[in-house]
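Fold the following and give me the result.
(one chain, ligands or ions: 1)
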Amino acid sequence: MGDLIYKRHSVRKFKNTDVPLEDIKKIIKDATYAPSGKNLQNWHFIVVKNKKKIQEMSKIVEKKNEEMASKLMDEEKKKSLTKYVKYHTVFKDAPVAILVYAGKYPSTGVDVLKEINASDEEIKELEKVSPGIQNISAAMENLLLSAADLGYGTCWMTGPLYAAKEINEFLGFEKEGYFLAAITPLGVSDDSELKSPPRKPVDEVLTIIE
Ligand SMILES: Cc1cc2nc3c(=O)[nH]c(=O)nc-3n(C[C@H](O)[C@H](O)[C@H](O)COP(=O)(O)O)c2cc1C
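Alright, predicted model coming up:
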């Protein structure tokens, strides 16, 4: 497992190699073995295994990016949004794209705070914990590690989600209370110098209380 963690990198270039359905199902099964609050498993996965449809999704993101940029007054902000579109479409040449949806997660603590008329501040503070999103994140990380274990590259993406509504319409997906939380391409990496950016030193992010 230790090695597997370091084997995963964000992959943004893919070979034109097919990913067998069997591997995809194994990866999704591994994702569903993530822990989830109340074992609610409030996730849903859409696997797009069609290069034309994946490219269409990329065009949808580009179009939305252009539309948003055209409405921005500030030239610098406009340039920055346009420049980053390539990071919002890194799935475009992948053979597979996986879309991860999050369903509602009723939080007992928040409900109780509301019922006992706690302050808005206290309610907002507890809402930040977002257990429903934590569930999805655990599943997503399992998914990425499982893919790495099978020799595939992925890239956790939320950048393109400003076009979530348009992507959902294109795919025709609807499930009561579910929203698009993340996308990852899946495929064989075509990046020969795959490397992750450096991490903060452990001492900077660790406090030990004895
Ligand atoms: C929540 C989240 C959203 C991300 N969104 C994007 C994205 O939209 N586009 C992209 O190219 N990378 C995206 N990334 C990948 C990060 O840039 C990457 O994980 C980070 O730079 C560390 O590199 P590594 O994954 O190779 O270790 C995202 C990662 C996370 C966890």
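
how about Ser196, secondary structure?
coil (DSSP: H, G, I helix; E, B strand; the rest coil).

And for it, the neighbour number?
9 (other CB atoms under 10 Å). Backbone N, C-alpha and C define where each C-beta goes, glycine included.

ok, it - contacts?
Ser196 makes contact with 9-10, according to CB atoms under 8 Å, 6 or more residues apart in numbering.

One more pass at 10 Å, please.
Ser196 makes contacts with 6, 8-10, as judged by CB atoms under 10 Å, 6 or more residues apart in numbering.

Go back to those and keep what's next to the ligand.
Among these, the ones lying near the ligand by CB under 6 Å from any ligand atom are 9-10.

Tell me which two in the contacts of Ser196 are the farthest apart.
Among these, the pair separated by the greatest distance (CB to CB) is Tyr6 and Ser10, at 13.3 Å.

So for these two, which sits in the more crowded spot?
Ser10 (19 against 9).

Need the pLDDT of the closest residue to the more buried one other than its chain neighbours.
Distances taken as CB to CB, 6 or more residues apart in numbering put Cys155 closest to Ser10, at 4.3 Å, once the chain neighbours are dropped. With respect to pLDDT, Cys155 scores 98.

Assess the claim that Cys155 and His9 are in contact.
Yes - the criterion here is CB atoms under 10 Å, and Cys155 meets it with His9 at 8.8 Å.

name the helices or strands packed onto the longest strand anywhere in the chain?
Identified as the longest strand of the chain according to DSSP state E is strand 179-187. Packing partners of strand 179-187 (3 or more CB pairs under 10 Å, 6 or more residues apart in numbering; DSSP states H and E): helix 21-32, strand 43-48, helix 51-71, strand 96-102, helix 131-149, strand 153-154, helix 164-171.

so what pLDDT did the residue nearest the centre of the chain get?
With distances taken as CA atoms, centre = their mean, Ala182 lies nearest the centre of the chain, 2.5 Å away. pLDDT, Ala182: 98.

Now do stretch 118-136, average pLDDT.
On average, stretch 118-136 scores 96.

got the end-to-end distance for that stretch?
End-to-end distance for stretch 118-136: 28 Å, by CA to CA, to the nearest Å.

chain center to that stretch: distance?
Its chain's C-alpha centre and that of stretch 118-136 lie 20 Å apart, by CA atoms, centre = their mean, to the nearest Å.

Do any residues in it lie close to the ligand?
No - if you take CB under 6 Å from any ligand atom as the test, stretch 118-136 misses the ligand, and the best it gets is 9.8 Å.

Show me which residues of that stretch are buried.
126, 131-132, 135-136 (16 or more other CB atoms under 10 Å).

Quick one: residues in contact with it.
Here stretch 118-136 has contacts from 31, 34-44, 100-114, 116-117, 137, 181-182, using CB under 10 Å, 6+ apart.

of those, buried ones?
Buried members of these, counted by 16+ other CB under 10 Å: 31, 34, 36-37, 42-44, 100-103, 105, 107, 110, 113, 137, 181-182.

how about low-confidence regions in the chain?
Counting by pLDDT under 70, the ranges of the chain that qualify are 1-2.

How much space separates Thr89 from Ser58?
4 Å (CB to CB, to the nearest Å).
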